[in-house]
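**Q** predicted model follows, preceded by the sequence.
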Amino acid sequence: MGITSFYFLCFFAFILILYYLIPHKLQWGLLLLCSIAYYLLSNNGMLILYPVASVSVCYAGIRLLAAVPPENAGKRRGVLLVTILANIGILVVLKYVNFGIYTIDGIARIFGSSGDLIRSVDFLVPLGVSFYTFSLLGYVIDVYYGIARPQNNYLKLMLYGMYFPVIISGPILKYREHGEQFFEPHAFDYRRVTRGLQRMAWGFFKKLVIAERLGILVDTVYGAYPDYAGTYIWVATVCYAFQLYTDFSGCMDIVLGMSESLGIILPENFRTPFFAGSIAEYWRRWHITLGVWMKEYVFYPVLRTRFFTELNRSWRDRFGKKRGKQYATFAAMFILWLTVGIWHGGDWKFVIGSGLLHWFYIVMEELLAPPCAALMEKWHVDAGGKLVGLIRIVRTFFLVCIGDLFFRSASVGDALAMLKGAVRVWNPHILWNGALLTLGLDGADMVIAAVALMLLLIVSLLERTGSVRDRVARMPLPVRWLIWYALLFAVILFGCYGPGYSAGEFIYQGF
């Protein structure tokens, strides 16, 4: 039951009405029942056993940590380690066993093996396994360090781990910041409910009007890339960058808007990422909750390990204090970005496109920053000027598109072949000779996509200086309703849906 389907909208409408009719102390119980029902109504309801198992392991770990006195550090570390390994073990078995098998078989073929050494295995992967696993593990780690309160109620922890909007595509939650509000009473607030519904409408616009329409063109080129070259590949890759953004951020708008209408405020996951002037800044704006989780629970702990402490000291002696610290940080960042890539999926295209390639970008940005600054000073270029800022934004977007090309391709080999095809042919004339109309979208669809992207750009620019919903709310009543009705009818009239079509799948739903 995808969240853009008619059935889900009816499901949510029923929840929203009942949520404010029942006694406030029962609201969290209703959300838990609806979260369980949502899982049971998915493709395979038995997969609910996986998140239940993760919740159970984490609950046992939290209760043991609460019972073990702080002075018994060894036992507490043992409890934490077992809890982490149990949850990561489930995640690895479900998502990464075949990754290891394919890697071993690929290496064997390089050395002359004619067949597969190990057969792959097929597992049904539960919805949102990476999202709920990270949210739960972060909570257990916070309890271990004493920065989060242990939850005594198993059912309340189950709601935190299985809250149905979040389990679709995130965001990754922190219990210490967002957990308790699931169990607090929420009185009906007209402004909050309408603002939540408005944000949901904007998410549907992104998903159905932009992402699904661009996906047709992207699928045409990437599905038969040997037949296309040069500008075709660049156009499809740029379209995919916008498809991925509008798909994922559109899902976040729906999820955050839905939760807001229930009185639950979830963390933002995007902040106009395509306006970033560097890859590091891009990742502070894109999938924000994943970046924060990785920084707090992977990067900093890695830096504090004995190995990296000694490495830092050794490289400071060899390269100097500043360079030695920088190189040790780069080494820890390699582990960070390897983890980010693996989190996105068990395939080397994810490891490269969403991980190691971005590590390389950031390292080069850091190393080249001083000589570039010196050159600009020598040539009297204003480093803070608008033109330089625009060039940085375009450069960052181009580098992101290269990573997205790996992300979208069927394999690393296909990605490399597409890159080769993109640079070996010079055919910009397809931009104006009508050739793009052969890629699955007719002229009307192209116009709709262009206008929708222009609207997205305008809203994104306005968001840089404040909430667009706040601005609309300050407008006269007729203007406000005209804007929101126009958005609603744009989704109804121009959205990609209908008989035989399903927009229920979000790109990040599989992670």
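**A** The structure has been received and is ready for your questions. Numbering: from 1, shown residues only.
**Q** now do the buried residues in the helix or strand where G421 lies.
**A** Using DSSP states H and E, G421 sits within helix 412-424. Buried residues in helix 412-424, counted by 16 or more other Cβ atoms under 10 Å: 412, 414-415, 418-419, 421-422. Using the backbone N, CA and C atoms, a C-beta is placed for each residue, glycine as well.
**Q** show me the contacts for the nearest residue to K174 once chain neighbours are set aside.
**A** Using Cβ to Cβ, 6 or more residues apart in numbering and skipping residues adjacent in sequence, the residue nearest K174 is G138, 6.0 Å away. Taking Cβ atoms under 8 Å, 6 or more residues apart in numbering, we find G138 in contact with 172-175, 293, 296-297.
**Q** so which of those comes closest to A13?
**A** Closest approach between the contacts of G138 and A13, by Cβ to Cβ: L173, at 24.6 Å.
**Q** surely the closest one and V292 touch.
**A** No. At 10.7 Å, L173 does not count as touching V292 under the criterion of Cβ atoms under 8 Å.
**Q** neighbour-wise, which of those two wins?
**A** Between L173 and V292, counting by other Cβ atoms under 10 Å, L173 is the more crowded of the two (25 against 16).
**Q** mind checking pLDDT for the more buried one?
**A** With respect to pLDDT, L173 has a value of 94.
**Q** and what of F248?
**A** The predicted local confidence for F248 is 94.
**Q** buried stuff in stretch 476-485?
**A** Neighbour-count burial for stretch 476-485 [16+ other Cβ under 10 Å]: W484.
**Q** now stretch 376-395
**A** Quick answer for stretch 376-395 (16+ other Cβ under 10 Å): 392-393.
**Q** what distance do you get for the closest residue to G170 other than its chain neighbours to A276?
**A** Spatial nearest neighbour of G170, chain neighbours left out: F131 (4.7 Å); criterion: Cβ to Cβ, 6+ apart. Distance, F131 to A276, by Cβ to Cβ, to the nearest Å: 24 Å.
**Q** these two: which is more packed in?
**A** Neighbour totals were compared for F131 and A276, and F131 leads with 23 against 20 (other Cβ under 10 Å).
**Q** that one is in contact with P165, isn't it?
**A** No. The pair F131 / P165 is not scored as a contact, 10.9 Å apart, by Cβ under 8 Å.
**Q** which residues does the helix or strand hosting L462 contact?
**A** Using DSSP H and E, L462 sits in helix 443-463. For helix 443-463, the surrounding residues in contact (Cβ under 8 Å, 6+ apart) are 202, 205-206, 209-210, 213-214, 216, 242, 246, 272, 274-275, 436-437, 441, 468, 471, 490, 494.
**Q** switch to 7 Å and redo it
**A** If you take Cβ atoms under 7 Å, 6 or more residues apart in numbering as the criterion, helix 443-463 is touched by 209-210, 213-214, 242, 246, 272, 437, 441, 468, 471, 494.
**Q** how near is M252 to G89?
**A** Distance from M252 to G89, by Cβ to Cβ: 29 Å.
**Q** neighbour count: those two, which is higher?
**A** More neighbours surround M252 than the other of M252 and G89, with 28 against 11 (other Cβ under 10 Å).
**Q** so for that one, what's the nearest residue that isn't a sequence neighbour?
**A** Nearest to M252 is N269, by Cβ to Cβ, 6+ apart, at 4.7 Å.
**Q** return the residues in contact with that neighbour.
**A** So N269 contacts 170-171, 252, 287-289 (Cβ under 7 Å, 6+ apart).
**Q** okay, it: pLDDT?
**A** 94.
**Q** picking up where we left off before, nearest to I265, of the contacts of G138?
**A** Checking the contacts of G138 against I265 by Cβ to Cβ gives L173 as the nearest, at 11.3 Å.
**Q** how about the closest one, secondary structure?
**A** coil (DSSP: H, G, I helix; E, B strand; the rest coil).
**Q** pretty sure it sits against S135.
**A** Yes. Counting by Cβ atoms under 7 Å, S135 is a contact partner of L173 at 4.5 Å.
**Q** now do stretch 76-84: everything it contacts.
**A** Contacts for stretch 76-84 (Cβ under 7 Å, 6+ apart): 57-58, 61, 64-65, 68, 137, 140, 144.
**Q** so of these, which ones are in strands?
**A** Residues of the contacts of stretch 76-84 located in strands (DSSP state E): none.
**Q** farthest-separated two in these?
**A** V68 and L137 (18.4 Å).
**Q** who has more neighbours, these two?
**A** L137 (23 against 17).
**Q** state whether that one and N87 are indeed in contact, as I suppose.
**A** Yes. Under the contact definition of Cβ under 7 Å, L137 touches N87, with a separation of 5.6 Å.
**Q** for stretch 83-94, buried residues please.
**A** Those would be 83-84, 86-87, 90-91, 94, for stretch 83-94 by 16+ other Cβ under 10 Å.
**Q** which among those residues gets closest to R192?
**A** Using Cβ to Cβ, the buried residues of stretch 83-94 come closest to R192 at N87, 33.9 Å.
**Q** that closest one belongs to a helix?
**A** Yes. Assignment of N87 by three-state DSSP places it within a helix.
**Q** how near is L127 to F308?
**A** 36 Å.
**Q** more crowded one of these two?
**A** Higher neighbour count among L127 and F308: L127, with 22 against 17, using other Cβ under 10 Å.
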